[in-house]
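S.K.: Pasting the sequence and the predicted coordinates here, then a few questions.
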Amino acid sequence: MKKPPKTLQTKGRAFWRRVLKDFLLEESHELQLLQEAAGCLDRIAEAQAEIEAKKPYFNDRFGQPRPHPALNVEKDQRVLFVRIVRELGLQVESEEYSRPKRPGYSRG
């Protein structure tokens, strides 16, 4: 199994390992997409940590409630992650159309 890129953090590395353990990804563009998806998970984790540290909403200089900018980062990264996972074919319900799994893979 190919090692995760050094640029990935905890969540991204775990996702990278899990995907390559369960699915056959061999083309360079597939591995690049996998790296992008894993990076999305790292950025989501960073945004969540920022939100938890500073609260999801704050009052602006006029006293109006405003969302923390990290909420948008989290949302955008989630959307991108889902699109990449779909592009890689990792989240398909039907076995007929799903990506080939590694030999000996069992769900659960």
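M.R.: Done, it's in. Source: prediction; values computed, not measured. Numbering: from 1, shown residues only.

S.K.: Phi and psi next, for the residue of the chain most remote from its centre.
M.R.: What lies farthest from the middle of the chain is Phe62; by Cα atoms, centre = their mean that is 36.1 Å. The phi and psi values for Phe62, taken as degrees, to the nearest 10, are phi -100, psi 0.

S.K.: where do the helices sit along the protein?
M.R.: Under the criterion DSSP state H, helices of the chain are mapped to 10-22, 28-54, 69-88.

S.K.: In contact with the spatially most central residue of the chain, which residues are there?
M.R.: Geometric centre of the chain, nearest residue: Leu41, 3.4 Å, by Cα atoms, centre = their mean. If a contact means Cβ atoms under 8 Å, 6 or more residues apart in numbering, then Leu41 has 11-12, 15, 77, 81 as its contacts. Yep, even glycine has a C-beta here, placed from its N, CA and C like the rest.

S.K.: If you rank those residues by neighbours, which is first?
M.R.: For those, counting by other Cβ atoms under 10 Å, the largest number of neighbours falls to Gly12: 24 neighbours.

S.K.: So it sits against Pro4, correct?
M.R.: Yes: counting by Cβ atoms under 8 Å, Pro4 is a contact partner of Gly12 at 7.0 Å.

S.K.: Touching both of the two, which residues are there?
M.R.: Joint contacts of Gly12 and Pro4 (Cβ under 8 Å, 6+ apart) are Ala38.

S.K.: what bits of the chain have low per-residue confidence?
M.R.: In the predicted model, the chain carries pLDDT under 70 at residues 91-108.

S.K.: who's in contact with the nearest residue in space to Pro56 that is not next to it in sequence?
M.R.: The shortest distance from Pro56 to any non-neighbouring residue, by Cβ to Cβ, 6 or more residues apart in numbering, is to His68 (5.3 Å). His68 makes contacts with 50-51, 54-58, as judged by Cβ under 8 Å, 6+ apart.

S.K.: Show me the two of these that sit farthest apart.
M.R.: Glu50 and Tyr57 (13.1 Å; Cβ to Cβ).

S.K.: Who has more neighbours out of the two?
M.R.: Per other Cβ under 10 Å, whichever of Glu50 and Tyr57 has more neighbours is Glu50, with 16 against 11.
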